[in-house]
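> I need the structure of the sequence given here:
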Amino acid sequence: MSLEKKLFSFLVLFGISMSTISIIIDLKVGLPTSVNSIWVILVIVFLLAYIIDRRYEYSKIGVRIVGIFSVFVLLPYSFVKFGGSSTTLGYVFLMVVSICYLFNGKEKKFFMSTLLSICTALILTEHFYPEISEVPSKEIILASRTVQFLSSAIAIYLIIVAFSTRYEKRLESTKIHNDELTLKNDMLVEENIELEKAVKEFYELSIRDKNTKIFNRVKLDESISCEIARSRRSREPFSLIMFDIDLFKVINDTYGHTVGDLILIELSELVNSHVREIDTFGRWGGEEFLIILPSTKIFSAIQIAERLRILIENKLFPKDIKITCSFGVTEYRIGDTEFEIVERVDKALYKAKNNGKNKVDIN
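The predicted structure is shown next:
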C-alpha cells in the first residue's frame with residue numbers, strides 16, 4: 001500500500017474513532033443528543049469518504065471530503081468543545097502532516113493556507129473572547145489528551161514512514177541508475193571491442209593482396225621504413241630480395257588469366273611457407289614480389305634467394321606448367337632512403353633478367 005493510501009486510511013480510522021469517543025463521552029456526561037450530531041455527521045462523512053475511495057480506487061474524492069470536513073468542521077468544533085488551543089495542538093499537527101502528503105500543487109496551498117487562517121482566527125478569537133471555548137470536564141480533558149496523543153503518534157509515525165519510503169525509493173532509484181550505467185558501460189565496452197575488431201579486420205584487409213592474400217605494396221612500404229629506422233638506431237643489417245616470374249605474359253596469353261592467377265597464388269603459398277617468421281613477404285605489383293629480411297647480410301640473402309629459385313624451378317604449377325623466376329638482392333647501406341634501396345634491388349632484378357633469367361643477381 002502506498003504512503004498516501006496508508007495516511008488516508010489512518011485519517012479515516014482516526015476520525016471515526018475520535019467521533020465515536022466523543023459521542024460516548026457526551027452521552028456519559030449527559031449532554032443533549034443534539035450536541036452529538038456533529039460527531040454523527042463526521043462518522044458518516046468519514047465512512048462515505050472511505051467507501052468512495054474503495055469504489056473509485058483512490059480517486060482523491062474521498063481525500064478532499066476528509067480534508068474539507070477536518071479543516072472546516074472538525075478543527076473549529078474541537079477547538080471550542082475541548083478547551084481551545086491548549087487541547088487541539090495534536091490535531092493541527094496531524095492535519096499539517098496529512099495535507100503535506102495527501103495533496104499537491106494548488107490543493108496543498110489551499111488547504112495549508114486555510115488551516116493557517118482558521119487556526120489564527122481561532123487563537124485571536126480565544127484571546128479576545130475567552131468564553132468561546134467551553135471549560136471541559138475531567139472526562140473530556142482525558143479523552144482529548146488521549147486523542148491528541150494518538151493523533152500526534154500517528155503524525156510522527158507517518159513522517160517516519162514517509163522519510164523511510166523516500167529513502168528506499170532514492171536507494172532504489174540510485175540502484176536502477178547504477179545498473180543502467182553498468183549496462184551502458186558494458187554495452188560501450190562490447191561496442192569498443194567490436195570496433196577494435198572491425199578496425200583490425202579493416203587494417204588487415206588494407207595490407208593484404210586481394211588475390212594472393214599475402215602482404216601488398218602498402219605493408220611492404222611500411223615495413224621497409226620500419227627496418228631503415230631500426231637499422232639506423234641499432235646498426236643491424238637487413239636485405240631485400242625482389243623477384244618476378246619469367247615470361248609471365250606468355251603464360252597469360254597461352255593459358256589465360258585464370259590460370260595465371262592460380263600460378264600467382266600457388267607461388268605465393270610456396271614462398272610464404274619457406275621464409276622465416278621475422279621476414280616480410282608480399283606482392284610488389286603484377287608478377288613482382290619482395291621479401292624483407294631483417295638482421296640479414298647480403299651473402300645470407302643470396303643463399304636464401306638461390307634456394308627459392310631452385311624450389312620454384314622444380315615445382316609443377318597448374319596445368320603442369322613449369323616456371324622460373326629471376327631474383328635481385330641488395331643490402332641496406334647507411335644513409336639509404338626507401339626509394340634508394342628499392343631502386344637498387346629493382347636494378348639487381350633486371351640485371352638477372354637481362355643476363356638470361358632464372359638467376360640471382362646483386363647490386
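> E236 belongs to a helix?
No: applying DSSP: H, G, I helix; E, B strand; the rest coil, one finds E236 to be coil, outside a helix.
> isn't it right up against P294?
Yes: with contacts counted by Cβ atoms under 8 Å, E236 reaches P294, the gap being 7.3 Å. Glycine gets a C-beta too; all of them are placed from N, C-alpha and C.
> looking at these two, which one has more neighbours?
A direct count of neighbours by other Cβ atoms under 10 Å for E236 and P294 places P294 higher, at 17 against 13.
> OK, contacts around the more buried one?
With contacts defined as Cβ atoms under 8 Å, 6 or more residues apart in numbering, the neighbours of P294 are E227, R230, E236, F238, I278, D279.
> give me the buried subset of those residues.
Those of the contacts of P294 that meet the buried threshold are E227, F238, D279, by 16 or more other Cβ atoms under 10 Å.
> in terms of secondary structure, what does the helix or strand where the first one lies contact?
E227 belongs to helix 217-234 when elements are defined using DSSP states H and E. The elements that helix 217-234 packs onto, with contact taken as 3 or more Cβ pairs under 8 Å, 6 or more residues apart in numbering; DSSP states H and E, are strand 238-245, strand 280-285, strand 288-294, helix 338-354.
> can you list contacts of that helix?
By Cβ under 8 Å, 6+ apart, helix 217-234 touches 206-208, 215, 236-238, 240, 280, 282-285, 290, 292, 294, 332, 334, 336-338, 341-342.
> any of the residues you listed buried? List them.
Buried among the contacts of helix 217-234 (16+ other Cβ under 10 Å): 207-208, 215, 237-238, 240, 280, 282-284, 290, 292, 294, 332, 336, 341-342.
> including distance to K219 and pLDDT, could the buried ones among the contacts of P294 go into JSON lines?
Listed next are the buried ones among the contacts of P294 as JSON lines, based on distance: Cβ to Cβ, whole Å; pLDDT from 0 to 100:
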{"residue": "E227", "distance to K219": "12", "pLDDT": "96"}
{"residue": "F238", "distance to K219": "16", "pLDDT": "97"}
{"residue": "D279", "distance to K219": "13", "pLDDT": "96"}
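> point out where the stretch 251-363 of the chain drops to low pLDDT.
Judged by pLDDT under 70, the stretch 251-363 of the chain has no weakly predicted residues.
> returning to what we had before: which one of the helices and strands packed on helix 217-234 lies closest to R309?
Counting by Cβ to Cβ, R309 lies closest to strand 238-245 out of the helices and strands packed on helix 217-234; the figure is 7.7 Å.
> any idea of the mean pLDDT for stretch 112-119?
The average pLDDT within stretch 112-119 is 83.
> contacting residues around that stretch?
With contacts defined as Cβ under 8 Å, 6+ apart, stretch 112-119 is touched by V71, F72, L75, P76, V92, M95, V96, I99, C100.
> buried subset of these, written for ChimeraX?
Listed next is the ChimeraX selection for buried residues among the contacts of stretch 112-119, using 16+ other Cβ under 10 Å:
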select :71,75,76,92,95,96,99,100
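> looking at the contacts of stretch 112-119, which are in strands?
Nothing among the contacts of stretch 112-119 maps onto strands, per DSSP state E.
> in CSV: the contacts of stretch 112-119, plus distance to N354.
Shown next, in CSV, are these (distance: Cβ to Cβ, whole Å):
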residue, distance to N354
V71, 114
F72, 117
L75, 118
P76, 122
V92, 114
M95, 111
V96, 108
I99, 106
C100, 102
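> farthest pair within the contacts of stretch 112-119?
P76 and C100 (21.0 Å).
> dump the contacts of P294 to CSV, plus distance to K169.
Shown next, in CSV, are the contacts of P294 (distance: Cβ to Cβ, whole Å):
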residue, distance to K169
E227, 65
R230, 63
E236, 68
F238, 69
I278, 64
D279, 67
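> pick the one among those closest to A348.
Nearest to A348 among these, counting by Cβ to Cβ, is F238 at 15.3 Å.
> which residues does that closest one bridge with?
Beta-bridge pairing of F238 under DSSP bridges involves P294.
> likewise for the one 4 residues further on?
Bridge pairing for M242 (DSSP bridges) gives the partners L290, G328.
> isn't N252 right up against G260?
Yes: under the criterion of Cβ under 8 Å, N252 makes contact with G260 at 4.3 Å.
> domain assignment for this structure?
Here the domain parsing of the chain from automatic domain parsing is 3-175, 217-362.
> which among the helices and strands packed on helix 217-234 is found nearest to I123?
Comparing the helices and strands packed on helix 217-234 under Cβ to Cβ, the one sitting nearest is strand 280-285, at 97.2 Å.
> residues in contact with the closest one?
Residues outside strand 280-285 that contact it (Cβ under 8 Å, 6+ apart): 209, 211-212, 214-217, 219-220, 223, 242, 264, 268, 271-272, 275, 289-292.
> got the angle between that strand and strand 288-294?
Following axes from the mean of the first three to the mean of the last three Cα atoms, to 10 degrees, one obtains 150 degrees for the angle between strand 280-285 and strand 288-294.
> mean confidence for the host helix or strand of K200?
Assigning secondary structure by DSSP H and E places K200 in helix 138-206. For helix 138-206, mean pLDDT is 75.
> repeat that for stretch 20-28.
When pLDDT is averaged over stretch 20-28, the result is 66.
> just to revisit the earlier point, so for I362, which of the helices and strands packed on helix 217-234 sits nearest?
helix 338-354 (5.5 Å).
> residues in contact with that closest one?
Contacts for helix 338-354 (Cβ under 8 Å, 6+ apart): 221, 224-225, 228, 240-244, 246, 288, 290, 326-330, 332-333, 336, 359-363.
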